[in-house]
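> structural data only, the sequence is not supplied:
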């Protein structure tokens, strides 16, 4: 056979092989593509909204999420993305409004009950958080998250055993979620089971040794153990580490001051409480200890700090009574309590919580001018520290529509 014919035959063979590879490759890509989730316009807008929010473009992000909602009113993704954004700017009230719109459009949306429980918990609406948390646990759509939010809600209600049961279950279902055991430690602390706090904390320490929350809770627990050499040393080490990791957090300094005072080291205790007071002059417990230590030294500042303590104590007692009354069966129907509580929360810059209470009240009595005026004022104050953002809703269409 002539060399030219051999070359021609080889070229034909190579072409056929190439066609075969292309065809088989196309078939593989077709099979793989069929398994990929479709990127719908609502999902595309959701992804855009998340990116914009990460970049700090709050207004544009809200517009993107709302456009996704407008295009696919039953798709939960843009609603959830928008709710998360509102929570990040201290507006759980708007997160609730967003998720309630999703519930109206798609009451069977997967994970909706759990998201609602989290949003209501963020707004300190404990009865609603409890009810939605119970439903989320029963549905089992996102079991670890559901048990976690329900456990935290029960912790707020001071039902320690129930809280611990659900937090333990959540940790079992999501062993890599380190926030769950930290919350479980808080439940053990509130229950007074300091040995269990230490057991969980020491187990976590190799994995999250740079967590100020972990070191603080461990230091707190060791402080409440019988003080021996090793126990005292561990308590001091953990509390100092927490203050190093979070130097603007007053609580590690305050707890270290309490430990030093219990050991009779008043000079070190005074230094710690003075630092804690500088960081947070609204902490009543810090004021009480600082006033006592200053008084022991004959320092004239003790009278001023004592007066501040009495003022803070009265304010805290009133605040606690207002919240307790609100969370009672008939508390949300007491107009004076609702407005007084919202005004107090506004003074503490807990805007989302206050606005949620007012919004609920105004939905029942939209003609209440006092509640409306307070709502407008607190809404303006809440927005002052952020780029402008809009309310949730499907009213923003895509460009050109």
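That came through fine. Nothing here was measured: the structure is a model prediction, and the numbers come from that model.
> report how many residues lie close to residue 316.
14 (other C-beta atoms under 10 Å). Bear in mind the C-beta positions are built from the backbone N, C-alpha and C, glycine included.
> nope, residue 56 is what I was after
Counted by other C-beta under 10 Å, the residues lying close to residue 56 total 10.
> from residue 91, how far out is the closest residue to it other than its chain neighbours?
Spatial nearest neighbour of residue 56, chain neighbours left out: residue 387 (7.3 Å); criterion: C-beta to C-beta, 6 or more residues apart in numbering. Per C-beta to C-beta, to the nearest Å, residue 387 is found 13 Å from residue 91.
> again with residue 122
Taking C-beta to C-beta, one finds residue 122 at 9 Å from residue 91.
> off-centre distance for the helix or strand hosting residue 286?
Secondary structure from DSSP states H and E places residue 286 in helix 284-296. Per C-alpha atoms, centre = their mean, to the nearest Å, the displacement of helix 284-296 from the mean C-alpha position of its chain is 32 Å.
> what about residue 122 and residue 91, which has more around it?
The neighbour count for residue 122 versus residue 91, taken as other C-beta under 10 Å, is higher for residue 91 (27 against 22).
> tell me if I'm right that that one and residue 381 touch.
No - with contact defined as C-beta atoms under 8 Å, residue 91 does not reach residue 381; the gap is 11.8 Å.
> and the residue lying closest to residue 76 once chain neighbours are set aside, what does it touch?
Distances taken as C-beta to C-beta, 6+ apart place residue 109 nearest to residue 76, at 4.1 Å, with adjacent residues excluded. Contacts for residue 109 were tallied using C-beta atoms under 8 Å, 6 or more residues apart in numbering; they are 74, 76, 79, 102-103.
> what helices or strands is the helix holding residue 286 leaning on?
Applying 3 or more C-beta pairs under 8 Å, 6 or more residues apart in numbering; DSSP states H and E, one finds that helix 284-296 contacts helix 250-262, helix 266-279, helix 301-326.
> what's near enough to touch the spatially most central residue of the chain?
Nearest residue to the geometric centre of the chain (C-alpha atoms, centre = their mean): residue 122, 6.8 Å. Residues in contact with residue 122 (C-beta under 8 Å, 6+ apart) are 87, 92, 95, 352-353.
> again, only this time at 7 Å
Counting by C-beta atoms under 7 Å, 6 or more residues apart in numbering, residue 122 touches 87, 92, 95, 352.
> buried sites along stretch 308-317?
If you call a residue buried by 16 or more other C-beta atoms under 10 Å, then stretch 308-317 has these buried ones: 308-309, 312.
> can you give me the pLDDT of residue 34?
Note on residue 34: pLDDT of 46.
> same question for residue 42.
Note on residue 42: pLDDT of 91.
> so it is in contact with residue 75, correct?
Yes - at 4.4 Å, residue 42 counts as touching residue 75 under the criterion of C-beta atoms under 7 Å.
> chain center to stretch 176-188, what's the gap?
A distance of 13 Å separates the centroid of the chain from that of stretch 176-188, by C-alpha atoms, centre = their mean.
> so who does the residue nearest to residue 145 when sequence neighbours are not counted touch?
Leaving aside its sequence neighbours, residue 145 sits nearest to residue 114 (C-beta to C-beta, 6+ apart; 5.1 Å). Under the criterion of C-beta under 7 Å, 6+ apart, the neighbours of residue 114 are 136, 141-142, 145-146, 149.
> picking up where we left off before, now do the SS call for the residue nearest to residue 56.
coil (DSSP: H, G, I helix; E, B strand; the rest coil).
> that one touches residue 59, doesn't it?
Yes - with contacts counted by C-beta under 7 Å, residue 387 reaches residue 59, the gap being 5.4 Å.
> from residue 360, how far out is the residue nearest to residue 124 when sequence neighbours are not counted?
Excluding the flanking residues, the one nearest residue 124 by C-beta to C-beta, 6+ apart is residue 353, at 4.6 Å. Residue 353 sits 11 Å away from residue 360, going by C-beta to C-beta.
> which one of these two has more residues nearby?
residue 353 (23 against 16).
> from residue 231, how far out is that one?
The gap separating residue 353 from residue 231 is 39 Å, by C-beta to C-beta.
> what's the answer for residue 71, then?
Residue 71 is 60 Å from residue 231, by C-beta to C-beta.
> okay, the two: which has more neighbours?
Legend: neighbour count by other C-beta under 10 Å for residue 71 and residue 231, higher for residue 71 (19 against 16).
> what pLDDT does the model give that one?
Confidence score, pLDDT, at residue 71: 93.
> that one reaches residue 46, doesn't it?
No - in this structure, residue 71 is not within contact of residue 46 by C-beta under 7 Å, at 10.4 Å.
> for the helix or strand hosting residue 363, which helices and strands make contact with it?
Take DSSP H and E as the rule and residue 363 turns out to sit in helix 351-364. Using 3 or more C-beta pairs under 7 Å, 6 or more residues apart in numbering; DSSP states H and E, the elements in contact with helix 351-364 are helix 92-105, helix 335-347, helix 369-383.
> so which elements touch the longest one?
In other words, helix 369-383. With contacts taken as 3+ C-beta pairs under 7 Å, 6+ apart, helix 369-383 sits against helix 335-347, helix 351-364.
> list the buried residues of it.
Those would be 371, 374-375, 378-379, 382, for helix 369-383 by 16+ other C-beta under 10 Å.
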